[in-house]
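K.L.:
can't give you the sequence, but here's the structure:
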């Protein structure tokens, strides 16, 4: 996984660039200004750094690391692992 910490104004631009480099959608945590993307090739960190530089985007941190289980869950479901799933009930009160 390539992860970047960025200025809030650059989050969307960084997400777009990292997604293009990796060929995978990027995940964003706007509270921490973190953007990360799954990569299959470690050399993509260098490519990502070059592309961010060419775009004039400054990042405070850019790293290659293994994703946590929570990050994998978020990437797969689009929601944090600690978020309760919505449960629907029919009129008799049983699960739908």
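P.N.:
Sure thing, it's come through. Everything numeric here is computed off the predicted structure, so don't read it as measured data. Numbers count the residues shown, from 1 in each chain.
K.L.:
CA atoms for contacts and neighbours, from now on please.
P.N.:
Will do.
K.L.:
Tell me the spacing between the closest residue to residue 49 other than its chain neighbours and residue 20.
P.N.:
The spatial neighbour of residue 49 that comes closest, neighbours along the chain excluded (CA to CA, 6 or more residues apart in numbering), is residue 62 at 7.6 Å. The span separating residue 62 from residue 20 equals 16 Å under the rule CA to CA, to the nearest Å.
K.L.:
quick one, which of the two is more surrounded?
P.N.:
A side-by-side neighbour count of residue 62 and residue 20, using other CA atoms under 10 Å, places residue 62 first with 19 against 15.
K.L.:
Wait, a strand at the more buried one?
P.N.:
Yes. If the criterion is DSSP: H, G, I helix; E, B strand; the rest coil, then residue 62 is within a strand.
K.L.:
Tell me who's in contact with the residue nearest in space to the middle of the chain.
P.N.:
The centre of the chain sits closest to residue 27, judged by CA atoms, centre = their mean, with a distance of 1.9 Å. Counting by CA atoms under 8 Å, 6 or more residues apart in numbering, residue 27 makes contact with 15, 35, 36, 37, 75.
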